[in-house]
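> Need coordinates for the below:
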Amino acid sequence: MARDAHLDELGEFLKARRSEISPRSAGLPDTGGPRRVPGLRREEVARLVAISTDYYTRLEQGRIQASAPVLSALARVLRLDDDQRDYLFGLAGRTPARPRRRTRQKIQPQLQRLLDDLAVTPAVVLGRRMDILAWNSLAAAPVTDFSKVPEEHRNYIRLVFTDPAMRTLYADWETVARTCTAQLRMEAAKYPDDPRLTALVGELSVQDPKFRQWWAAHHVTGRSVGTKELHHPVAGTLSLDWDTLTASTDPDQQLIVWTAEPGTPSHEGLRFLASWSAGSRQPAPGTTG
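Have a look, this model is predicted:
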């Protein structure tokens with residue numbers, strides 16, 4: 001039943017998209033005569049895709065599965081954008097033959113404004129591969145001055161494994177590192193052909209035997225909520241709850257915020273850090289590929 005429903009939706013999706021393409025924009029001669037339906041006719045789509053009209057008709061009727069090459073040709077002829085193309089392939093139960101080229105990531109303006117307004121809440125924006133796209137000054141205070149990290153190395157899991165200070169900052173570094181590894185494994189499932197992610201995994205595997213062991217275990221987890229205990233050299237011990245907010249305009253960008261229960265020593269510690277770092281605020285958004 002679910003499969004039939006997907007095929008029916010695929011057919012309706014194709015009808016809707018071909019109705020939006022004029023013969024002229026598709027490179028077909030416009031005879032100027034009356035047309036019973038808006039946009040392209042079935043036989044015109046079939047001719048442009050180089051399949052039979054019967055084959056295309058059965059696709060729209062939800063009677064057959066389409067091959068990946070046919071879907072790619074349909075996406076081209078119907079001028080589907082990336083989201084529409086993914087939706088088409090998803091309905092057909094297919095994976096696009098080629099991973100689409102991902103553009104260079106920049107922090108979403110809404111997230112940047114939110115970062116700038118968070119005066120007493122540490123926050124960072126993570127992108128693909130756990131790259132650190134941006135942060136506020138209070139995030140730099142308890143963790144590290146991200147602006148001093150070269151942009152190509154400004155990656156959260158890379159810092160966790162390669163920065164010695166991280167091993168003393170986190171009270172339970174091993175749990176933090178294992179969780180980061182499982183989260184990166186989830187990223188790898190989403191983008192198996194990402195060369196930068198592959199390079200990152202290779203680098204960490206060579207440098208750290210624990211990463212190599214945990215990566216081989218194939219544990220996965222997403223970013224959601226949790227608690228971290230930090231041993232800060234100035235503010236002392238901080239027990240911070242972290243939460244994840246995903247940008248609706250770019251699901252590959254997530255705002256991570258760290259908070260503490262009001263009235264607790266950790267909350268007072270954050271307020272102290274906010275005052276301590278006020279003279280050197282460095283909300284430095286970065287960009288990464």
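
> can you map out the helices along this structure?
In the chain, the helices defined using DSSP state H lie at 2-18, 42-49, 53-60, 68-77, 82-91, 109-117, 137-140, 156-162, 164-169, 173-190, 195-207, 209-216, 265-277.

> Against which helices or strands is the first one packed?
For helix 2-18, the elements it packs on are helix 42-49, helix 53-60, helix 82-91, judged by 3 or more CB pairs under 8 Å, 6 or more residues apart in numbering; DSSP states H and E. Using the backbone N, CA and C atoms, a C-beta is placed for each residue, glycine as well.

> just the fourth one next, same as before
Helix 68-77 is packed against helix 42-49, helix 82-91, with contacts defined by 3+ CB pairs under 8 Å, 6+ apart.

> Which of those helices has the highest mean neighbour count?
For those, the largest average neighbour count (mean count of other CB atoms under 10 Å) is found in helix 42-49, namely a mean of 19.

> Let's test this: mean pLDDT of that helix, rounded?
The average pLDDT within helix 42-49 is 91.

> go on, stretch 107-120?
Stretch 107-120 comes out at a mean pLDDT of 84.

> Kindly report the same for stretch 232-240.
Mean per-residue pLDDT for stretch 232-240: 89.

> how long is that stretch from one end to the other?
Stretch 232-240 has an end-to-end distance of 12 Å (CA to CA, to the nearest Å).

> can you list contacts of it?
The contact list for stretch 232-240 (CB atoms under 8 Å, 6 or more residues apart in numbering) reads 122, 142, 169, 171, 227-231, 258-260, 264-266, 269-270, 272-273, 276.

> what about 10 Å?
121-122, 141-143, 165, 168-169, 171, 226-231, 257-261, 264-273, 276-277 (CB atoms under 10 Å, 6 or more residues apart in numbering).

> go on, stretch 185-195?
Contacts for stretch 185-195 (CB under 10 Å, 6+ apart): 98-99, 102, 128-130, 157, 197-198, 200-201, 214-215, 217-223, 251-252, 289.

> Can you say which of those are buried?
128-130, 157, 197, 200-201, 214-215, 223, 252 (16 or more other CB atoms under 10 Å).

> Greatest separation within these: which pair is it?
Longest distance between any two of the buried ones among the contacts of stretch 185-195 is 23.1 Å, between 214 and 252; criterion CB to CB.

> Touching, residue 65 and residue 11? I think so.
No. The criterion here is CB atoms under 10 Å, and residue 65 misses it with residue 11 at 11.7 Å.

> Quick check on these two: which one has the bigger neighbour count.
Neighbour totals were compared for residue 65 and residue 11, and residue 11 leads with 19 against 16 (other CB atoms under 10 Å).

> ok, the more buried one - contacts?
57-64, 91.

> again, only using 6 Å
Counting by CB atoms under 6 Å, 6 or more residues apart in numbering, residue 11 touches 60-62.

> Buried ones from the contacts of stretch 232-240, can you make that a ChimeraX selection?
Those of the contacts of stretch 232-240 that count as buried under 16+ other CB under 10 Å are selected in ChimeraX with:
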select :121,122,141,142,143,169,228,230,257,258,259,260,266,267,269,270,271,272,273,277
